[in-house]
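# need coordinates for the below:
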Amino acid sequence: MMNYTKYEKARIIGARALQLAMGAPMLKKWSKEDLEKINYSPIEIAKSEFREEIIPITIRRPMPEKVED
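Now for the predicted structure:
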């Protein structure tokens, strides 16, 4: 698993939760009991998908340009 900053993690989970809230399909199979236990929360679903590394979102970190002398 890639090391994400807390800001990247929040951005990924927030973006995925928004997708779920807007009707995107879940990437993990859930039982009805499990969904009821988390109260159908898009944030909890997104956190679970993040922990299992199945969210199709990537982070680009710009690298500093190499300066030649």
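# pLDDT score assigned to Glu49?
Reported pLDDT at Glu49 in the predicted model: 94.
# shouldn't it be in contact with Pro25?
No. Using Cβ atoms under 8 Å, Glu49 is not in contact with Pro25; the gap is 11.3 Å. The C-beta positions use only the backbone N, C-alpha and C, and glycine is treated the same way.
# who has more neighbours, the two?
Regarding Glu49 and Pro25, a neighbour count based on other Cβ atoms under 10 Å identifies Glu49 as having more, with 21 against 6.
# just the element for Leu27, please.
Assignment of secondary structure by DSSP states H and E places Leu27 within no helix or strand.
# that one and Phe50 touch, don't they?
No. Distance between Leu27 and Phe50: 10.5 Å, which falls outside the contact criterion (Cβ under 8 Å).
# which of the two has more neighbours?
Comparing Leu27 with Phe50 by other Cβ under 10 Å, the one with more neighbours is Phe50, at 18 against 15.
# can you check the pLDDT for the residue nearest to that one when sequence neighbours are not counted?
Across the structure, with Cβ to Cβ, 6 or more residues apart in numbering as the measure, the residue nearest Phe50 apart from its sequence neighbours is Ile13 (5.4 Å). Per-residue confidence for Ile13 comes out at a pLDDT of 96.
# check contacts around Ile13.
Residues touching Ile13, when contacts are defined by Cβ atoms under 8 Å, 6 or more residues apart in numbering, comprise 43, 46-47, 50.
# does it sit in a helix or strand, and which one?
helix 6-21.
# ok, now Glu44?
Mapping Glu44 onto the secondary structure by DSSP H and E places it in helix 42-51.
# so which other helices or strands are in contact with that helix?
Packing partners of helix 42-51 (3 or more Cβ pairs under 8 Å, 6 or more residues apart in numbering; DSSP states H and E): helix 6-21.
# dump the helix it packs on to PDB, keeping only the CA atoms.
Backbone C-alpha positions of helix 6-21 (Å, rounded to 0.1, in the frame of the first residue of the first chain) are rendered in PDB as follows:
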ATOM      1  CA  LYS A   6      -3.800  12.400   5.800                       C
ATOM      2  CA  TYR A   7      -4.900  15.000   3.200                       C
ATOM      3  CA  GLU A   8      -4.600  12.600   0.300                       C
ATOM      4  CA  LYS A   9      -6.500  10.000   2.300                       C
ATOM      5  CA  ALA A  10      -9.300  12.400   3.200                       C
ATOM      6  CA  ARG A  11      -9.500  13.600  -0.500                       C
ATOM      7  CA  ILE A  12      -9.700  10.000  -1.800                       C
ATOM      8  CA  ILE A  13     -12.300   8.900   0.700                       C
ATOM      9  CA  GLY A  14     -14.300  12.100   0.300                       C
ATOM     10  CA  ALA A  15     -14.300  11.900  -3.500                       C
ATOM     11  CA  ARG A  16     -15.400   8.200  -3.400                       C
ATOM     12  CA  ALA A  17     -18.100   8.900  -0.800                       C
ATOM     13  CA  LEU A  18     -19.500  11.600  -3.100                       C
ATOM     14  CA  GLN A  19     -19.500   9.200  -6.000                       C
ATOM     15  CA  LEU A  20     -21.400   6.600  -3.900                       C
ATOM     16  CA  ALA A  21     -23.900   9.300  -2.700                       C
END
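# cheers, nothing more for now.
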